[in-house]
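Trainee: Predicted model and sequence follow; I will ask about them next.
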Amino acid sequence: MKVLILGSKEYPMGSNKGDDAIPSGGMETYIDDLAQELSKHCKLLIITRKFSGTKKHERLGNIEIFRVPYVKGKYFRNPSFNIFSFITSLHLKEIDVVYPQGLVASFFGCLISRLSGKPIVCRPAGIAYEQYRFPINRALYFLMKNVYRRCDCVIFHSEGERDNFIKILGFAPKRSEIILTGIPVEKFFSENKNTKKTFGISERTTVIGFIGRFVEIKGLEYLVKAAHILKNMDTKFMLVGDGPQTNQIKNLIESLGLEEKFIFTGFRHDIPNVLAAMDIFVISSVSEGLPTSLLEAMAAGKPCIVTDIGMPIENEKTGLVIPPKNPEKLAQAIKTLIQDEKLRKFLGKNAQEFTKENCTLEKAAKRHMETFQSL
C-alpha cells in the first residue's frame, strides 16, 4: 500500500536549520514519530518543504520524500507550501490512500482524492480558524465545514476532540476513528532528578512547564496571568519553544513585573531532560487536537493541567481539567498541585500508565493501517 502524507512542513525534524524562523510544531513531530513505525507496514510518500542543504527527492527505506518550495511568512508559508505540494502530487502514480494533516492540506487532499479516485483520510489537528481574526477566521470556518464533509474518514485523537469538532461545526463526519497519538514512550521514563540545576533553579522551587509554539491559540497569556496570581509562591515558569508571539508574551511578563519568574529556553531537542526539570506541566490552549508535548509529559510521569477542549485527560485521575481562557482557575489548579504532593504523584503515575497502555507508536501505526485497509 502507498500512502501519500500531506501537510507536514518539515520532514524529518531537524531539516530546517534556520531557513524558516517559525519553528515546526506538533503536526511535524507527530509525522516524524509515526512515519518510521508506519513505514514498516506500507510505503509512505511524504511531501514536505525544501530547506537549504536538503535534497528535492530522496528515499529513506520505505519512505519516499519530495521537497517543494514555499513562501516565507505567517500567512503565506502554509498555503504556498500546500499549493506546491498539490502540484507535485499530480505527478505521483499508484497512490492508494491520501492522508493530509490540517485544514489547508485536507482541502488539496480532497482535490487529489477526487482526481485520482482514491480514498482520503483527514486529520484536522485542531480547529484552525480559531487562531486567526476576521475575515480569515470566517473563510477558514466555511472551508472546514465543506472539506471535512467530503473526507472518507476523519481521524481524531480523543472522544473529546470529536465531540468538540461536532459542537463547533454542527455536523459529524460520515466516518471517524479515534486514534491516540503514538510516541516513543520509553524515551521519557527518566529518573534524572538534577536537571533543575542546569537551568539555575533551586531544587525546592516548583517548576511549572510549557512546551510548544508561541502562538495565540496556545493561550500563553492566560498562563502568564495565572503566574501573576501566584507571584508570592516559590515557583518558576519554564517556557520551552519559540514563535511569533514571543515578544508579546515577554512584554506581558515585563508589564506584570514577572521577569524573575519566567525562564525562556528556546527550541530544545532534549525534551526528556527538560521535562525532568518540571514538576507540573500545563496546556493552556484555547484549541488543540492532541499536543504531542502533553503525551510526552504524561509519559514522563508529570501531573498535567489542561484546558477543557477535548484532550484525553480524566479530571482528578490522569490530570486536572480547567475551563479555557480562565487564569484564575488555572492558578487555583497549579496551587492545588503545589500544596498536595500526594495528588501530584497520583496524577503523574496514572498519566504514565495511560501512555504505556494507549500511546505507543506500534498501536498508533496498527490503528492507522486498519483504517487505510478498510477503505
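Mentor: Received it, and whenever you're ready, just let me know what you need. What you are looking at is a predicted structure, and each value in this text was computed from that prediction instead of being measured.
Trainee: Could you check how far the closest residue to Val3 other than its chain neighbours is from Cys151?
Mentor: Residue nearest to Val3 in three dimensions, not counting chain neighbours: Val97, with 4.8 Å by C-beta to C-beta, 6 or more residues apart in numbering. Every C-beta, even on glycine, is put in place using the N, C-alpha and C of the backbone. For Val97, the distance to Cys151 equals 12 Å [C-beta to C-beta, to the nearest Å].
Trainee: Common neighbours of those two, please.
Mentor: Counting by C-beta atoms under 8 Å, 6 or more residues apart in numbering, the contacts common to Val97 and Cys151 are Ile120, Val121.
Trainee: From the chain's centroid, how far away is the longest helix anywhere in the chain?
Mentor: Ranked by number of residues, the top helix in the chain under DSSP state H is helix 341-358. A distance of 20 Å separates the centroid of the chain from that of helix 341-358, by C-alpha atoms, centre = their mean, to the nearest Å.
Trainee: on that earlier part again, thought Cys122 was touching the residue nearest to Val3, still the case?
Mentor: No - in this structure, Val97 is not within contact of Cys122 by C-beta atoms under 8 Å, at 11.1 Å.
Trainee: Now do the same contact list for Ser284.
Mentor: Phe210, Lys218, Gly219, Leu220, Tyr222, Leu223, Ala226, Thr307, Pro324, Leu330.
Trainee: In strands only, show me those.
Mentor: With strands taken from DSSP state E, the overlap with the contacts of Ser284 comprises Phe210, Thr307.
Trainee: Output the contacts of Ser284 as TSV; include the columns pLDDT, neighbour count and distance to Lys236.
Mentor: Formatted as TSV, the contacts of Ser284 follow (pLDDT from 0 to 100; neighbours: other C-beta atoms under 10 Å; distance: C-beta to C-beta, whole Å):
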residue	pLDDT	neighbour count	distance to Lys236
Phe210	98	22	12
Lys218	93	26	19
Gly219	95	24	19
Leu220	97	27	16
Tyr222	98	23	18
Leu223	98	24	13
Ala226	98	25	14
Thr307	95	24	22
Pro324	95	18	24
Leu330	98	27	16
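Trainee: Adding distance to Ala172, write the contacts of Ser284 out as a markdown table.
Mentor: A markdown table is the format used below for these (distance: C-beta to C-beta, whole Å):
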| residue | distance to Ala172 |
| --- | --- |
| Phe210 | 32 |
| Lys218 | 27 |
| Gly219 | 27 |
| Leu220 | 32 |
| Tyr222 | 30 |
| Leu223 | 33 |
| Ala226 | 35 |
| Thr307 | 23 |
| Pro324 | 23 |
| Leu330 | 31 |
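Trainee: between the contacts of Ser284, which is closest to Phe281?
Mentor: Phe210 (7.6 Å; C-beta to C-beta).
Trainee: picking that back up, in terms of secondary structure, what does the helix or strand that the longest helix of the chain is followed by contact?
Mentor: Per DSSP states H and E, the first helix or strand lying C-terminal to helix 341-358 is helix 361-374. When contacts are defined as 3 or more C-beta pairs under 8 Å, 6 or more residues apart in numbering; DSSP states H and E, helix 361-374 packs onto helix 26-38, strand 153-156.
Trainee: what about helix 361-374, distance to the chain center?
Mentor: That offset, for helix 361-374, works out to 20 Å (C-alpha atoms, centre = their mean).
Trainee: Quick one: mean pLDDT over it.
Mentor: Model confidence over helix 361-374 averages 97 on the pLDDT scale.
Trainee: So what's the residue count around Asn350?
Mentor: 17 (other C-beta atoms under 10 Å).
Trainee: whoops, I mixed them up, Leu180
Mentor: 20.
Trainee: thought it was touching Thr292?
Mentor: No - applying C-beta under 8 Å, one finds Leu180 not in contact with Thr292, separated by 11.1 Å.
Trainee: Who has more neighbours out of Val97 and Cys122?
Mentor: Under the criterion of other C-beta under 10 Å, the comparison of Val97 against Cys122 puts Cys122 first, with 29 against 22.
Trainee: mind listing what the more buried one touches?
Mentor: Here Cys122 is in contact with Tyr99, Pro100, Ser106, Gly109, Val147, Tyr148, Cys151, Cys153, Val154, Ile155 (C-beta under 8 Å, 6+ apart).
Trainee: can you do 7 Å?
Mentor: With contact taken as C-beta atoms under 7 Å, 6 or more residues apart in numbering, Cys122 is in contact with Pro100, Ser106, Gly109, Tyr148, Cys151, Val154.
Trainee: just checking, the fifth one touches Pro173?
Mentor: Read it as Cys151. Yes - using C-beta atoms under 7 Å, Cys151 is in contact with Pro173, at 6.2 Å.
Trainee: Looking at these two, which has the bigger crowd around it?
Mentor: Using other C-beta under 10 Å as the criterion, Cys151 and Pro173 rank with Cys151 on top: 24 against 21.
Trainee: Ramachandran coordinates for the more buried one?
Mentor: Torsion angles at Cys151 (phi, psi; degrees, to the nearest 10) stand at phi -80, psi 140.
Trainee: So the residue lying closest to it once chain neighbours are set aside, which state does it fall into?
Mentor: Distances taken as C-beta to C-beta, 6+ apart put Cys122 closest to Cys151, at 4.2 Å, once the chain neighbours are dropped. For Cys122, the assignment made with DSSP: H, G, I helix; E, B strand; the rest coil gives strand.
Trainee: measure Cys122 to Asp96 for me?
Mentor: 16 Å.
Trainee: about what we covered before: beta-bridge partners for the residue nearest to Cys151, please?
Mentor: The bridge-partner assignment for Cys122, based on DSSP bridges, gives Val154.
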